[in-house]
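# Return atomic coordinates for the entry below.
(one chain, ligands or ions: 2)
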Amino acid sequence: MTTEQQSPENESALITVRDLWTRFDEFWIHREITFEVRPGESLVIIGGSGSGKSTLLRAMIGLLRPERGDVVVGGLDVMRSSEPALYELMRRVGVLFQFGALFDSLAVWENVTFGLQDRKLSDAERRRVASEKLKMVGLRGVEDLLPGQLSGGMKKRVALARAIAHDPEILFCDEPTSGLDPVMSDLISELILQMNERLGVTTVTITHDIATAYKIGDRIAMLYDGTILVCDTPDGIRATQDPIVRQFIEGRAHGPIRGEVAEETSTPGPGGRAG
Ligand SMILES: Nc1ncnc2c1ncn2[C@@H]1O[C@H](COP(=O)(O)OP(=O)(O)OP(=O)(O)O)[C@@H](O)[C@H]1O
Ligand SMILES: [Mg+2]
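Ligands and ions are numbered 1, 2, ... in the order given. Prediction:
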């Protein structure tokens, strides 16, 4: 990591990921991932397709147990917590999943308020919350439609409305602008920025869209080859001389960087890193 490197021991962090190692079968997806997110911060995670961004998000919300490391969110040791404790944590957390994950048989308003069922609200109250959140993401008059009747961009916004329905303290967004036109992408980025700046919501946004990253990130972390290659402010990222980061932000095709030889590597497990 370059400048702005954080101490993983900083107790004021709202989210701490420390020395995280994740594998699927023999493939190590994360090899020593360490970073933290401070209260009220907007962290953006960028990285190539397949670099392990969505998997990292799943680890942060307890949907996946990595091989080794620590994930602490809102004071909870996510990797070693019971289901009820994780459930409690999820009341403070909103998640926009990469592929929306709407329930096809439920109307839009029911999808948006799905997570509020334990609050014993009347249908009228749930519909009011749904309309309010849908309006925030620029949608009106879609409450009674089914997901199958929506465009891809509308589904994405319904999923975002659902993620913010319970006014979360922490918002995780996985590719919130993918599949949206530039104007709608900007609107969604603006909304995440407002949630962060006006409402004080701590946000972690995964994106391929470097314009979104620059717009909403207090810091931008790049995931590459199983580690956080760099974590810096947008200005720091713009100015970086790291060839891999430059290649990514300039949108040039991946592959061996000039002057480098692509190596045949077997990715070692914890404690067995190549020297
Ligand atoms: N449940 C799983 N079982 C096996 N391999 C998996 C599983 N989930 C993810 N992977 C693999 O882990 C790697 C990282 O996947 P992940 O979805 O985290 O990437 P990503 O960075 O989010 O990619 P994208 O930008 O395309 O969304 C990929 O090689 C993927 O095939
Ligand atoms: Mg992904």
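
# Next one: stretch 26-37, is it in contact with ligand 2?
No. Counting by CB under 5 Å from the ion, ligand 2 has no neighbours in stretch 26-37; the shortest distance is 11.4 Å. No exception for glycine: its C-beta is placed from N, CA and C like everyone else's.

# when you give positions from now on, start the count at 56
OK, 56 is where the count begins now, so the last one is stretch 81-92.

# for that stretch, which positions count as buried?
Residues 83, 84, 85, 86, 87, 88, 89, 90, 91, 92 are the ones in stretch 81-92 that count as buried (16 or more other CB atoms under 10 Å).

# again, but for stretch 159-172
162, 163, 164, 165, 166, 167, 168, 170, 171.

# End to end on stretch 215-234, go ahead and measure it.
Terminal residues of stretch 215-234 are spaced 14 Å apart (CA to CA, to the nearest Å).

# which of the residues in that stretch are buried?
Buried positions in stretch 215-234, judged by neighbour count with 16+ other CB under 10 Å: 215-221, 223-233.

# Mind checking which of the residues you listed are in strands?
Counting by DSSP state E, those place 225, 226, 227, 228, 229 in strands.

# in the sheet, who's paired with the last one?
Yep, that's residue 229 we're talking about. residue 261 (DSSP bridges).

# residues contacting it?
108, 109, 112, 150, 151, 152, 153, 261 (CB atoms under 8 Å, 6 or more residues apart in numbering).

# Mind putting the buried residues of stretch 81-92 into a markdown table with pLDDT?
Converted to a markdown table, those look like this (pLDDT from 0 to 100):
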| residue | pLDDT |
| --- | --- |
| 83 | 95 |
| 84 | 96 |
| 85 | 97 |
| 86 | 95 |
| 87 | 94 |
| 88 | 97 |
| 89 | 97 |
| 90 | 97 |
| 91 | 97 |
| 92 | 98 |
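
# Tell me which of those fall in strands.
The strands, defined by DSSP E, take in 83, 84, 85, 86, 87, 88, 89, 90, 91, 92 from the buried residues of stretch 81-92.

# need the residues of this protein near ligand 1, please.
Within the chain, the positions near ligand 1 by CB under 6 Å from any ligand atom are 79, 84, 102, 104, 105, 106, 107, 108, 109, 110, 153.

# One more pass at 8 Å, please.
Counting by CB under 8 Å from any ligand atom, the residues of the chain close to ligand 1 are 79-80, 82, 84, 102-113, 119, 153, 229-230, 261, 263, 278.

# Report pLDDT for the residue in the stretch 206-330 of the chain that ligand 2 sits nearest to.
Of the residues in the stretch 206-330 of the chain, the one nearest ligand 2 is residue 229, at a distance of 5.9 Å by CB to the ion. What the model reports as pLDDT for residue 229 is 96.

# out of the residues of the chain next to ligand 1, which are inside helices?
Among the residues of the chain next to ligand 1, DSSP state H puts 108, 109, 110, 111, 112, 113 in helices.

# residue ranges of the helices in the stretch 206-330 of the chain, please?
For the stretch 206-330 of the chain, the helices defined by DSSP state H, counting those that start in this stretch cover 207-218, 237-252, 265-271, 289-294, 298-304.

# Checking stretch 253-260 against ligand 2, do any of its residues make contact.
No. Figure legend: stretch 253-260 not in contact with ligand 2 (CB under 5 Å from the ion); closest approach 12.1 Å.

# returning to what we had before: deepest-packed of the helices of the stretch 206-330 of the chain, please.
Of all the helices of the stretch 206-330 of the chain, helix 207-218 has the most neighbours on average by mean count of other CB atoms under 10 Å, namely a mean of 23.

# Provide a list of residues in contact with the closest residue to residue 145 other than its chain neighbours.
Spatial nearest neighbour of residue 145, chain neighbours left out: residue 116 (7.1 Å); criterion: CB to CB, 6 or more residues apart in numbering. Residues in contact with residue 116 (CB under 8 Å, 6+ apart) are 128, 133, 141, 145, 148, 150, 227.

# any idea which of the ones in strands among the buried residues of stretch 81-92 is closest to ligand 1?
residue 84 (4.6 Å; CB to the nearest ligand atom).
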